[in-house]
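Chemist: Please work out how this folds:
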Amino acid sequence: MARDVSDSTPITSRDELVAWIESGARAAHLFRVGTEHEKIAFYEADHAPVPYDGQPSLGRKGIRALLEGMQQQLGWAPIIDGPNIIGLHDEASGGALSLEPGGQFELSGATLDTIHAAKAETDAHFAALKIVAGPLGIRFLALGMSPKWQREQTPKMPKQRYAIMERYMPRVGSLGLDMMFRTATVQSNLDYSGEADMVQKLRVSLALQPLITALFANSPFADGKLNGFLSARSEIWRHTDPDRTGMLPFAFEDGMSYERYVDYALDVPMYFVKRGETYHDVAGANFRDLLAGRLAALPGEQATMSDWANHLTTIFPEVRLKRYLEMRGADAGPRLFLYALPAFSVGLLYDAVALDGAWQIVKSWSKEQRAALRDDVPRLGLEAKIAGRSLRDIAREILPLIRAGLVRRGKCDAQGRDESQFLDPLDKVIDGRSQAEELIARFTGDWKGSVEPAFTECAY
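Modeler: Numbering: from 1, shown residues only. Model prediction:
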C-alpha cells in the first residue's frame with residue numbers, strides 16, 4: 001500500500017466522488033500497467049521475523065534500517081508517520097516502498113508502458129534490496145503467507161492506520177488480523193477508457209479472479225505445518241470483513257456504473273480520518289456522515305478529497321476500483337510469477353478480442369456460481385468447478401486468448417520477444433501443479449515435514 005493521499009480540497013456532494021473516479025479514465029493509447037508486490041522479511045541466520053527496530057540485544061538491525069538503507073541507495077523521499085520512517089516515494093516515477101502491518105516489504109511500482117518495463121523495475125528493486133538487506137542479514141520469503149511464525153510472534157509496524165485496523169478487525173471477522181500480519185500478495189493495476197470499458201473490465205476481472213487465485217496459489221503453510229489450503233491467503237480474506245471484501249455481485253447487475261460503485265463504497269464503514277499527521281479512529285462510522293459534516297467523532301469536520309481517496313484504499317474486494325482497477329486475487333511468489341500477473345492482466349484487459357472472448361466464457365455464470373467458485377478455490381485450486389467445468393479447463397481456454405492478446409500488442413524487448421513470454425510459468429501450472437502443490441509435495445517428501453527449507457528454497 002503506497003502512501004496515503006493528502007488533498008485538502010473540500011467535497012460536499014456524491015457527484016464529486018463520482019467525478020474523482022471518472023477522472024481516472026484515459027485514452028487506450030495511454031494505458032499503463034502497475035505492479036505491487038509484498039514480501040515477508042526474515043533473518044537469514046535463524047529464520048526469525050524482522051521487527052521494525054531490529055533485535056538490539058543480538059546486534060541486529062530491522063525494518064527501519066532497511067528503509068533508511070534503501071533511501072540512501074535510491075535517493076527516494078521518506079514517508080514519515082510520527083517519528084518513524086514507514087516508506088519511501090519517488091516523485092519522478094510515482095513508485096513507492098511501503099510497509100504492511102507485519103513488516104511485509106512492498107514495492108508499489110510506477111505505471112509503465114510494457115511488461116518488459118515492469119520486469120526491469122522489479123529486477124532493479126531486488127538488486128537494490130540485495131545491496132541493502134544482505135549486510136543486515138535479511139532475506140525475503142516468496143510465499144503468500146508466513147509459513148512458521150504464529151500471529152503473536154509477528155512484528156507490528158508503527159503506522160497509525162494499522163493500529164486502528166488492528167482494533168477494528170476482530171469486531172467484523174475471525175481472520176482479519178491474520179490477513180494484516182501474515183499474508184503477502186502481488187497485484188496488478190490497469191486502466192480503463194470510460195465507464196462502459198470500466199464495467200466490462202471489472203466484470204471479467206471479478207469473474208476470473210478465482211482463476212488467478214488458483215494459478216498463483218502459493219500459501220500452503222502456517223504455524224510450521226500444512227494448513228489444508230493451496231491459497232490460505234485467499235481463504236483468510238473470506239473471513240476478514242464481509243462489508244469490504246468479496247466478489248461484488250452488484251457489478252454484474254444492469255445499470256452498473258461509477259455511481260453504483262460510489263454508493264457501495266459510501267456504505268463501507270470507515271477506519272480513520274487523517275488530519276495533518278494524525279489519524280483519528282472513526283472505525284465503523286459512515287462516510288456519508290463525514291460528507292454531511294456530522295461525523296460524531298469529529299463534529300463539524302468536512303470531507304476532503306484525501307478522505308475519499310484514503311477511504312477507497314480501505315475497501316478490499318477481489319477487484320478494486322479507484323482511478324484504475326486493481327487485480328487482488330494472487331498470492332505473492334517467485335520472480336517469474338511477479339511478471340506473470342501483469343502480463344495476464346494486460347493480455348486480458350487491453351486487447352479487445354481477448355476481453356470479449358473472456359466475457360463470452362463468463363457472462364452466463366450466476367452470482368451464486370461465482371460466489372461458490374470463490375469459496376472453493378482456496379482449497380481446490382484449478383480443480384474447483386463452475387457451471388460444470390473445472391478452472392483447469394477454463395484456464396486452457398482463457399490463457400490462449402491472453403497470449404494472443406499480448407502477441408497482437410506487439411511490445412517487444414531488445415531481443416525481439418513479445419510480452420507473451422511472461423505467461424510461460426502459468427502454462428506450466430495448467431499442465432502440471434501449482435506452486436502450492438509443488439511445495440506440499442516437497443514438505444511431505446524431501447523436506448520431511450519441516451517448513452525450514454522454505455526459508456532457503458522459497459526466498460529472494
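Chemist: drop to CA atoms for contacts and neighbour counts, all remaining ones
Modeler: Will do.
Chemist: quick one: the spatially most central residue of the chain from R14, how far?
Modeler: The residue lying closest to the centre of the chain (CA atoms, centre = their mean) is Q187, at 4.1 Å. Counting by CA to CA, to the nearest Å, the separation of Q187 from R14 is 29 Å.
Chemist: how about the CA coordinates for the helix or strand containing L341, as CSV?
Modeler: Using DSSP states H and E, L341 maps to helix 335-349. Extracted in CSV, the C-alpha atoms of helix 335-349 (Å, rounded to 0.1, in the frame of the first residue of the first chain):
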residue,chain,number,x,y,z
ARG,A,335,10.1,-13.6,-9.5
LEU,A,336,8.7,-15.2,-12.7
PHE,A,337,5.2,-15.0,-11.2
LEU,A,338,5.6,-11.3,-10.3
TYR,A,339,6.0,-10.7,-14.1
ALA,A,340,3.2,-13.2,-15.0
LEU,A,341,0.4,-11.4,-13.2
PRO,A,342,0.7,-8.0,-15.0
ALA,A,343,1.2,-10.0,-18.3
PHE,A,344,-2.0,-12.0,-17.6
SER,A,345,-3.9,-8.8,-16.8
VAL,A,346,-2.7,-6.7,-19.7
GLY,A,347,-3.3,-9.5,-22.3
LEU,A,348,-6.8,-10.0,-20.9
LEU,A,349,-7.9,-6.4,-20.4
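Chemist: Quick check: buried residues in it?
Modeler: Residues 337-349 are the ones in helix 335-349 that count as buried (16 or more other CA atoms under 10 Å).
Chemist: now the residues you listed in a markdown table, with distance to T245?
Modeler: Below are these laid out as a markdown table (distance: CA to CA, whole Å):
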| residue | distance to T245 |
| --- | --- |
| F337 | 24 |
| L338 | 23 |
| Y339 | 25 |
| A340 | 24 |
| L341 | 21 |
| P342 | 22 |
| A343 | 25 |
| F344 | 22 |
| S345 | 20 |
| V346 | 24 |
| G347 | 26 |
| L348 | 23 |
| L349 | 22 |
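Chemist: so which of those comes closest to P155?
Modeler: L338 (25.1 Å; CA to CA).
Chemist: In contact with that closest one, which residues?
Modeler: Counting by CA atoms under 8 Å, 6 or more residues apart in numbering, L338 touches 37, 186, 332.
Chemist: Let's see that with 7 Å instead.
Modeler: V186 (CA atoms under 7 Å, 6 or more residues apart in numbering).
Chemist: so what's it scoring on pLDDT?
Modeler: Looking at L338, its pLDDT reads 98.
Chemist: With R238 instead?
Modeler: At R238, the model reports a pLDDT of 98.
Chemist: How much space separates it from I164?
Modeler: Taken as CA to CA, the span from R238 to I164 is 21 Å.
Chemist: how about the strands in the stretch 301-450 of the chain?
Modeler: Ranges of strands in the stretch 301-450 of the chain, per DSSP state E, counting those that start in this stretch, are 316-317, 319-321, 325-331, 385-386, 389-390.
Chemist: More neighbours: which of R238 and I164?
Modeler: R238 (20 against 17; other CA atoms under 10 Å).
Chemist: longest helix of this structure?
Modeler: helix 195-215 (DSSP state H).
Chemist: Report the distance from it to the chain centre.
Modeler: 15 Å (CA atoms, centre = their mean, to the nearest Å).
Chemist: and it, what other elements does it pack with?
Modeler: strand 325-331, helix 352-362, helix 367-380 (3 or more CA pairs under 7 Å, 6 or more residues apart in numbering; DSSP states H and E).
Chemist: among the ones you listed, which is the most enclosed?
Modeler: With neighbours defined as mean count of other CA atoms under 10 Å, the helices and strands packed on helix 195-215 peak in mean count at strand 325-331, which reaches a mean of 26.
Chemist: Residues in contact with that strand: which ones?
Modeler: Defining contact as CA under 7 Å, 6+ apart, one finds that strand 325-331 is touched by 144, 184-191, 209-210, 212-213, 216-218, 233, 318-320.
Chemist: do the same with stretch 268-284
Modeler: So stretch 268-284 is contacted by 160-161, 164-165, 168, 243-244, 285-287, 297, 307, 311 (CA under 7 Å, 6+ apart).
Chemist: and those residues as TSV, adding pLDDT, secondary structure and distance to K148?
Modeler: TSV is the format used below for these (pLDDT from 0 to 100; DSSP: H, G, I helix; E, B strand; the rest coil; distance: CA to CA, whole Å):
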residue	pLDDT	secondary structure	distance to K148
Q160	97	helix	27
R161	97	helix	26
I164	98	helix	26
M165	98	helix	23
Y168	98	helix	25
D243	97	coil	30
R244	98	coil	28
A285	97	coil	36
N286	96	coil	38
F287	97	helix	38
A297	94	coil	40
D307	97	helix	37
H311	97	helix	33
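Chemist: Most neighbours out of the residues you listed, which is it?
Modeler: Result: D307 is most packed of the contacts of stretch 268-284 (other CA under 10 Å), 26 neighbours.
Chemist: which one of the contacts of stretch 268-284 is nearest A395?
Modeler: R244 (27.8 Å).
Chemist: quick one, phi/psi of that closest one?
Modeler: The phi/psi pair for R244 (degrees, to the nearest 10) reads phi -130, psi 10.
Chemist: I'd like to know how far it sits from V33.
Modeler: For R244 relative to V33 (CA to CA), the value is 24 Å.
Chemist: try A358
Modeler: 20 Å.
Chemist: what do you get for G347?
Modeler: Taken as CA to CA, the span from G347 to V33 is 11 Å.
Chemist: Check F443 too.
Modeler: 36 Å.
Chemist: what does D375 give?
Modeler: D375 is 28 Å from V33, by CA to CA.
Chemist: Toward the C-terminus, what is the element adjacent to the longest strand belonging to the chain?
Modeler: In the chain, ranked by residue count with DSSP state E as the criterion, the top strand is strand 33-43. Where DSSP H and E defines the elements, the next helix or strand beyond strand 33-43 is helix 63-74.
Chemist: Okay, now the unreliable bits of the protein?
Modeler: 1-6 (pLDDT under 70).
Chemist: 90 instead, please
Modeler: 1-9, 12 (pLDDT under 90).
Chemist: Tell me which stretches of the stretch 351-460 of the chain form helices.
Modeler: 352-362, 367-380, 391-409, 424-431, 435-444, 454-457 (DSSP state H, counting those that start in this stretch).
Chemist: okay, those in TSV with distance to G62 next?
Modeler: Formatted as TSV, the helices of the stretch 351-460 of the chain follow (distance: least, CA to CA, whole Å):
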stretch	distance to G62
helix 352-362	44
helix 367-380	33
helix 391-409	41
helix 424-431	33
helix 435-444	28
helix 454-457	18
